[in-house]
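# only geometry, no sequence info:
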């Protein structure tokens, strides 16, 4: 079976470069200036009249802000070896990464924490994460469990999220940015699915004047209200695609009442 990723790799490298330049909304002149090459040379590369070197491809990829996975696709299309490894998370060589993730998650209990991949599929979570899964339909909890689907599905967290419109807009904005960055078809499909959920339409919510420093998640839990804010961490200078695409999302109390409830 040929995937969308396979089809991208099978395209000539010049077409791929033009695709990403247009995806970023850049003219040949702007990209050539940033990469410190002539517009004529860039034009020749995109039309196939000139063959790019490995260094040239990496220079253009940097200016196009391509993720590691897309840089590999560009190199493969030109006949070069990938620049980054792509190891499954359960591979033996990934044991230090798995151990690190589990230490971070366990150390964050009883506060919720999870690790997601590039598609927001949950690959690890701690016990505190059960605050989010309580009452969710079983089909949303089967692997791969998707964090965005769990949050916004009518049979997931959505009925318990007290500021649902605000939190939905926050999550969908993050997803739309990822779609624009990667042009990943599966992410586009996920965005269409989430926006089709009941109540997902309507005007964008205004930012409330509550004195909050960031958008909190306000969720009902066993008759109480929890207010949480989220931080996102990634690995520094990863040389493997899987590691580069992992994100650790940790939640903290946004007020003293939530801190006391979670400690209990």
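That came in fine, so what should we check first? On a predicted model such as this, the values are computed, not experimentally measured, just so you know.
# confirm for me that residue 65 is in contact with residue 25.
No: contact criterion C-beta atoms under 8 Å: residue 65 and residue 25 do not qualify, at 11.9 Å. Just so you know, the C-beta spots here come from the backbone N, C-alpha and C atoms, and that holds for glycine as well.
# does residue 50 touch residue 44 like I think?
Yes: in terms of C-beta under 8 Å, residue 50 counts as a neighbour of residue 44; the distance is 3.9 Å.
# quick one, strands of the protein?
Here the chain has its strands, by DSSP state E, at 113-116, 122-125, 217-221, 224-233, 247-253.
# nearest to residue 131, of the ones you listed?
strand 217-221 (5.8 Å; C-beta to C-beta).
# and residue 124, what pLDDT?
pLDDT recorded at residue 124 is 97.
# in this structure it contacts residue 103, no?
No: Residue 124 is beyond contact range of residue 103, at 10.8 Å (criterion: C-beta under 8 Å).
# more crowded one of the two?
Ranked by neighbour count (other C-beta atoms under 10 Å), residue 124 and residue 103 place residue 124 first, with 17 against 10.
# excluding its backbone neighbours, what's nearest the more buried one?
Closest residue to residue 124 apart from its sequence neighbours, by C-beta to C-beta, 6 or more residues apart in numbering: residue 115 at 4.2 Å.
# separation between residue 171 and residue 160?
15 Å (C-beta to C-beta, to the nearest Å).
# phi, psi for residue 196 please.
With angles defined as degrees, to the nearest 10, residue 196 sits at phi -90, psi -10.
# give me the pLDDT for the closest residue to residue 147 other than its chain neighbours.
Once flanking residues are discounted, residue 147 sits nearest to residue 120: 4.7 Å by C-beta to C-beta, 6+ apart. At residue 120, the model reports a pLDDT of 97.
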